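Q: predicted model follows, preceded by the sequence.
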Amino acid sequence: MNMKFKYGLVFFFVFSLGVFAQRKDFADVNMDKLLEETQISSNSDANMELVWWIPTEYWQVAFSQDKSISKAEREMIINMIKEYVFVVFIKGEIGVFGGITYEDKELVRKNSNVFYNGNMLKKIKEKNLPTDLQNMLNLMKPVMKNIIGPLGENMQFVVFKNDKKNAIDSYKEGTVSFELFNFKPEVELPLGSLLVEKKCEEGNKLYNGKWAYCPFHGKELVSQ
């Protein structure tokens, strides 16, 4: 058997989506793993490029794990943001001694796009967003600057319209693709961090809830 074909089959069976993937309670989601899935950076030595997709589930996880926010407040914010797709773009040039010269905000905005299953989402100017949403973004920017300095200061929040007829579903198989100048990363859905881990009965270990088969034993993973 052709070796490329052989290992292609292994990859397919290991990472095929399970039919019985179970959703985690938002309070049980590991935020670090969710961030790992939704933040993508380039490996270039000359350029600093980062895309951070902030799905609605991110806010639901954050609010569920923050007891200072009431259920009513949580629902109000989720209802306000669920029609939109938020993405942070960062673009910079790395100098000889490691200093970063960040790209202009308007150029970043002009040269950034989001696609869901190949369909481009509509980009919305910040001034056309609801006032509460504008205020929310204006509050986030100085917070990011205070936490991570120049990197946070140069995070460009770009908002897109979530198509009601084809809204991004973080639990359904699909692809969210991004463009930041020539940097074009993708996030494959569903997001495994939002799913309950599955167990391999041979090794008795837990694996990503979006996988169908154990990557070591080839056994079908079992839903908990």
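A: Thanks, I have the structure now.

Q: which residues touch the most centrally placed residue in the chain?
A: A centroid search over the chain (C-alpha atoms, centre = their mean) returns residue 38, at 2.4 Å, as the residue closest to the centre. Residue 38 makes contact with 52-55, 58, 187, 191, according to C-beta atoms under 8 Å, 6 or more residues apart in numbering. Yep, even glycine has a C-beta here, placed from its N, CA and C like the rest.

Q: recalculate using a threshold of 6 Å.
A: Applying C-beta atoms under 6 Å, 6 or more residues apart in numbering, we find residue 38 in contact with residue 53.

Q: SS state for residue 88?
A: Following DSSP: H, G, I helix; E, B strand; the rest coil, residue 88 is assigned to strand.

Q: find the nearest non-adjacent residue to it, please.
A: residue 52 (4.0 Å; C-beta to C-beta, 6 or more residues apart in numbering).

Q: my guess is that neighbour contacts residue 39. True?
A: Yes - with contact defined as C-beta atoms under 6 Å, residue 52 and residue 39 form a contacting pair (4.7 Å).

Q: these two: which is more packed in?
A: The neighbour comparison of residue 52 against residue 39 (other C-beta atoms under 10 Å) goes to residue 52, with 18 against 15.

Q: residues touching stretch 83-98, excluding its own?
A: Contacts for stretch 83-98 (C-beta under 6 Å, 6+ apart): 46-54, 100-103, 108, 112, 114, 121, 154-160, 162, 180.

Q: before we move on, back to that, now the residue nearest to residue 88: how far from residue 182?
A: 18 Å (C-beta to C-beta, to the nearest Å).

Q: and residue 25, by the same measure?
A: 40 Å.

Q: residue 154 now?
A: For residue 154, the distance to residue 182 - C-beta to C-beta - is 18 Å.

Q: between the two, which one's more packed in?
A: Neighbour count, other C-beta under 10 Å: between residue 154 and residue 182, residue 154 has more, with 24 against 10.

Q: my guess is the more buried one contacts residue 102, does it?
A: Yes - between residue 154 and residue 102 there is a contact at 4.1 Å, judged by C-beta under 6 Å.

Q: one step back: where does the residue nearest to the centre of the chain fall, phi/psi-wise?
A: With angles defined as degrees, to the nearest 10, residue 38 sits at phi -110, psi 0.
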